[in-house]
Every structure is written in structure tokens, then in C-alpha cells.
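Trainee: Sequence and predicted structure, then a few things I'm wondering about:
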Amino acid sequence: QVQLVESGGGLVQAGGSLRLSCAASGSIVSINDMGWYCQAPGKQRELVAGITQGGSTKYADSVKGRFTISRDNAKNTVYLQMNSLKPEDTAVYYCNAAIFAFERTGWGTREYWGQGTQVTVSS
């Protein structure tokens, strides 16, 4: 069974940095797009940053110049380096990936989500 396991969240003061990691495990053949989403209380989940298998990236306007997404294909892992954090970055951050893998229902490409990691930025 494919799983995405996140780590690296926590409490940080405004202006500080955090690095999130998300490792995929299971009967994985390949991982296509990967990304990070955030969801603040009372708000919808939204894209923070995405990265293709080839390394092309995209960012939400609110994080451009402060956050950097990267991946290590050999480790099936995606990272989010978060710098110059602001209180408005406070949210639960979720890892997302499109993965070709074997599950009980057979081979296929499916979308997977991590369990979420809390990021809290104090002012």
C-alpha cells in the first residue's frame, strides 16, 4: 500500500524557516507530479507549490521568493523549504503526489495525500 509520510512541521517565529519532507513508500514504479498544499482553519485547501518529475516548479503568488520546492527521485521524496515565514502561513500542510504503483486493485496511477503536518508561525 502506497503511503506518503510528512515531517518537519512545527512552531516558529515570524521570519524563521522550516523544511518539510514527504517520503513515499510502497510498490511504486514512478512518481509524476508532486506538490504541497495548505489548509488554514475555515479555508479551502490550496496549492502552495508543485514540481514535475522533470523538476519544473510552480508556486502560489503568496510564497514566491520565500518557499522552494524540490524532490529527490531516488528517495521518492519531496521537500518544501520555507523561509521568511509569516503568521499568515500558519496552516496544515499536505503532501500530494500522482503515483504509478501496484495496489490491491491492480496497477495504475492514483493521487495520494499525506496525513498533514501543522505549521504555526507566531508574530
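Mentor: Yes, it's here.

Trainee: Check the average confidence over stretch 38-47, would you?
Mentor: For stretch 38-47, the mean per-residue pLDDT is 96.

Trainee: For that stretch, measure first residue to last.
Mentor: Its first and final residues considered, stretch 38-47 spans 7 Å by C-alpha to C-alpha, to the nearest Å.

Trainee: mind checking how far it is from the chain centre?
Mentor: From the chain centre to the centre of stretch 38-47 is a distance of 13 Å (C-alpha atoms, centre = their mean, to the nearest Å).

Trainee: buried ones in it?
Mentor: Burial within stretch 38-47, assessed by neighbour count using 16 or more other C-beta atoms under 10 Å, is assigned to 38, 45. Where C-beta positions appear, they are placed from N, C-alpha and C, glycine not excepted.

Trainee: Tell me where this structure has strands.
Mentor: In chain order, the chain shows strands spanning 3-7, 10-13, 18-25, 28-39, 46-51, 57-59, 67-72, 77-82, 91-103, 106-113, 117-122, with DSSP state E as the criterion.

Trainee: which one of those has the most crowded surroundings?
Mentor: strand 77-82 (a mean of 23; mean count of other C-beta atoms under 10 Å).

Trainee: That one: partners in the sheet, and parallel or antiparallel?
Mentor: Within its sheet, strand 77-82 is paired with strand 18-25 (antiparallel), strand 67-72 (antiparallel), according to DSSP bridges.
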